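Asks: Predicted model follows, preceded by the sequence.
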Amino acid sequence: MPDDTATGVTTAAAAIAAAPEHHQRNEVLAVAIGAAGWLVPGLGHALQRMWGRALGCFLTVGALVFLGVGMRGNLFGSDGGDAFGMLGYVADLGTGSFYFVARALETQGSDVAHAEGDYGTRFLAAAGVLNLLAALHAYEAARGRKA
Amino acid sequence: MNAPTDFHLSHFQAMTLFALLISIAFGFLSRRRTNERVKYIIWSLFLFLLIGVGIGWAMYPFSR
């Protein structure tokens, strides 16, 4: 009986000692999943086998970027100039790799003189912010906070 | 890469398309079951359009 107790205590102590290391490994994995979700919309969820969410994120963010470019929205660059330009750049960069796809697609440049171009700018910014939200969701899911 | 065709959408079409895509994304992120997602998407889309048109009408007296 005392032997069993001693073994139990030893096992519990080992589990407690290993917990921070396990927690740290999970945290690193969750950050990597979040980063993957930001880089390629939906990848963070796909890595966790949440196929519906992965497809939903990929298609909606992709459609918003495609429509934004098609409407000749303004795609902000790092040389935005003022605070709003920088804010727009951060929002656009939220689409991850799709930002560079949009840059490659928008060969004619933006046209915000018309309402369509103005709407296109909002579509592109919304795509970025939406993807950041999805990446954060994937990160939280990887940490086991929500699913 | 070739640029996508220039899209010429009216204000209402652009708003509807935007509302639909955002509603779909929110529905997929916040609900797990298919029927819950569909309900959420429809309800969210309806509210997007209602509030959008409502704000449009509220701005009408100041448009000229």
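Replies: Yep, that arrived.

Asks: Where does pLDDT dip in the chain?
Replies: I'll assume chain A. Low-confidence segments of chain A (pLDDT under 70): A:1-19, A:80, A:146-147.

Asks: try chain B instead
Replies: Along chain B, segments meeting pLDDT under 70 span B:1-5.

Asks: For it, give the helix that spans the most residues.
Replies: Longest helix of chain B, by residue count under DSSP state H: helix B:34-59.

Asks: Skip the chain neighbours and tell me the closest residue to the residue in chain A that chain B sits nearest to.
Replies: Closest approach between chain A and chain B, counting by C-beta to the nearest C-beta: A:Gly56, at 3.2 Å. Backbone N, C-alpha and C define where each C-beta goes, glycine included. Spatially, and ignoring its direct neighbours in sequence, A:Gly56 is nearest to B:Phe28 (3.2 Å; C-beta to C-beta, 6 or more residues apart in numbering or on different chains).

Asks: which residues does that neighbour contact?
Replies: B:Phe28 is in contact with A:52-53, A:56-57, A:60, B:37, counting by C-beta atoms under 8 Å, 6 or more residues apart in numbering or on different chains.

Asks: Most neighbours among these, please name it.
Replies: Neighbour count (other C-beta atoms under 10 Å in any protein chain shown) singles out A:Cys57 as the most crowded of those, with 30 neighbours.

Asks: looking at it, the residue of chain A closest to chain B is touching B:Ile24, isn't it?
Replies: Yes: at 6.3 Å, A:Gly56 and B:Ile24 qualify as touching, with contact defined as C-beta atoms under 8 Å.

Asks: tell me the angle the helix or strand hosting the residue nearest to A:Gly56 makes with helix B:34-59.
Replies: Secondary structure assignment for B:Phe28, by DSSP states H and E: helix B:11-30. Using axes from the mean of the first three to the mean of the last three C-alpha atoms, to 10 degrees, the interaxial angle of helix B:11-30 with respect to helix B:34-59 works out to 140 degrees.

Asks: Quick check: the residue nearest to A:Gly56 vs B:Val38, distance?
Replies: According to C-beta to C-beta, to the nearest Å, B:Phe28 stands 11 Å off from B:Val38.

Asks: and for those two, which residues touch both?
Replies: Common contact partners of B:Phe28 and B:Val38 (C-beta under 8 Å, 6+ apart): none.

Asks: picking up where we left off before, now, the contacts of B:Phe28 that are in helices?
Replies: Filtering those for helices - DSSP H - leaves A:52-53, A:56-57, A:60, B:37.

Asks: a markdown table please, covering those residues and showing distance to A:Met71.
Replies: A markdown table is the format used below for the ones in helices among the contacts of B:Phe28 (distance: C-beta to C-beta, whole Å):
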| residue | distance to A:Met71 |
| --- | --- |
| A:Gly52 | 28 |
| A:Arg53 | 27 |
| A:Gly56 | 22 |
| A:Cys57 | 21 |
| A:Thr60 | 16 |
| B:Arg37 | 28 |
